[in-house]
Each structure stands twice: as C-alpha cells, then as structure tokens.
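Student: Here is a sequence with its predicted model. Questions after.
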Amino acid sequence: MRLYLPFLLSLFLLSTACHRPPGKLKKERPESVALHFMHAFLDGDFEKAEQLSTPESKEILVFFEQTLNAVTESEQKAMRAEAAENKKRIKTAECELLSSQEALCSFCCDQAGQKLSGSQMRLLRQEDDSWKVVLELPEAPDL
C-alpha cells in the first residue's frame with residue numbers, strides 16, 4: 001500500500017496541475033477562440049458558444065437557439081446535417097490583429113484549400129485579457 005500512495009499522490013497532483021476549469025481554455029489566442037466558438041455553434045452547443053462571446057453577442061445566440069427550437073424536427077435534422085458538413089470544412093482559423101484589442105479572423109478551408117468566403121469573425125480582447133467573439137446582426141436594408 002505504501003508504494004501506491006506516492007504514485008497516487010503524484011497522479012493527483014499532475015491531474016490537478018493540468019486541469020482547467022470548465023469553459024476555460026489555455027491562454028487563449030484569437031485563432032483558438034474563433035475555432036472553438038465556430039465548432040460549438042455548429043454543434044448547437046450554445047452554452048459553450050456563449051462562454052466564448054461578448055455579453056452583447058449572447059442575445060443573438062439566444063435568438064439562434066430559439067429559432068432552432070421553433071422549427072420542425074425534420075427542419076432541425078436538415079439544419080444539423082448542414083452544420084455538420086460545414087464543421088468538417090472548418091479546420092483552422094487565421095486572425096489578423098487590427099489592434100491590441102481587436103482581431104479579425106477567417107476560417108479555412110474550402111475544397112481548393114482557400115479561405116472560406118464570407119467567414120470572417122471579429123473578436124475583442126476583454127478586461128480579463130481573454131478574447132471574445134463579437135456577433136452582429138446585419139443591418140436591415142432601407143425600404
């Protein structure tokens with residue numbers, strides 16, 4: 001038994017040293033946050049997506065979640081299948097730092113290995129030094 005105690009203690013210390021609280025990523029880079037957000041969103045994991053977005057963006061995520069819940073089951077199935085196909089194509093994120101507080105990220109890759117068109121996402125650095133996704137609804141056209 002005495003031989004097992006040091007082994008178990010070292011295993012416990014190693015696991016607690018490597019453990020991150022839920023919702024916390026290692027020191028985030030904007031690329032990591034953007035990719036984790038997009039995968040969570042496409043998986044329909046709105047709780048995780050909210051953790052990775054600004055407070056203002058959470059309202060938009062709630063809207064998406066409510067919209068998904070409001071459609072028929074067959075429509076949900078089709079939307080989830082399309083999201084799964086899109087997720088397969090999103091392998092990496094590349095971000096350009098616009099300032100020390102803002103980044104613009106795009107996702108890669110289409111079948112030709114090019115950045116996916118229309119796939120840009122803005123991130124802002126928060127007071128706690130973490131990066132958060134900014135979601136904005138497109139403006140309605142003037143009638």
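Tutor: Yep, that arrived. Residues are numbered from 1 along each chain as shown.

Student: Going by C-alpha atoms from here, please, whenever you check contacts or count neighbours.
Tutor: Noted.

Student: Run through who's touching the one helix or strand A81 maps to.
Tutor: Counting by DSSP states H and E, the element that carries A81 is helix 73-89. Residues outside helix 73-89 that contact it (C-alpha atoms under 8 Å, 6 or more residues apart in numbering) are 38-39, 42-43, 68-69, 108-110.

Student: With stretch 119-137 instead?
Tutor: For stretch 119-137, the external contacting residues (C-alpha under 8 Å, 6+ apart) are 27-30, 33-34, 37, 52-54, 56-57, 60, 100-107.

Student: again, only using 6 Å
Tutor: Stretch 119-137 is contacted by residues 30, 52-54, 57, 101-107 when judged by C-alpha atoms under 6 Å, 6 or more residues apart in numbering.

Student: hmm, which of those residues are the buried ones?
Tutor: 30, 52-54, 57, 102-107 (16 or more other C-alpha atoms under 10 Å).

Student: Using TSV, please lay out the residues you listed together with distance to R125, pLDDT and secondary structure.
Tutor: Putting the buried ones among the contacts of stretch 119-137 into TSV (distance: C-alpha to C-alpha, whole Å; pLDDT from 0 to 100; DSSP: H, G, I helix; E, B strand; the rest coil) gives the following:
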residue	distance to R125	pLDDT	secondary structure
P30	9	94	helix
L52	11	95	coil
S53	11	94	strand
T54	10	94	coil
S57	14	93	helix
E102	6	94	strand
A103	8	94	strand
L104	12	93	strand
C105	13	93	strand
S106	17	89	strand
F107	19	87	strand
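
Student: residue ranges for the helices of this protein, please.
Tutor: With DSSP state H as the criterion, the chain has helices at 4-18, 30-43, 46-51, 55-70, 73-89.

Student: got JSON lines for these, with distance to V134 too?
Tutor: Output for these, formatted as JSON lines (distance: least, C-alpha to C-alpha, whole Å):
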{"stretch": "helix 4-18", "distance to V134": "29"}
{"stretch": "helix 30-43", "distance to V134": "10"}
{"stretch": "helix 46-51", "distance to V134": "10"}
{"stretch": "helix 55-70", "distance to V134": "6"}
{"stretch": "helix 73-89", "distance to V134": "19"}
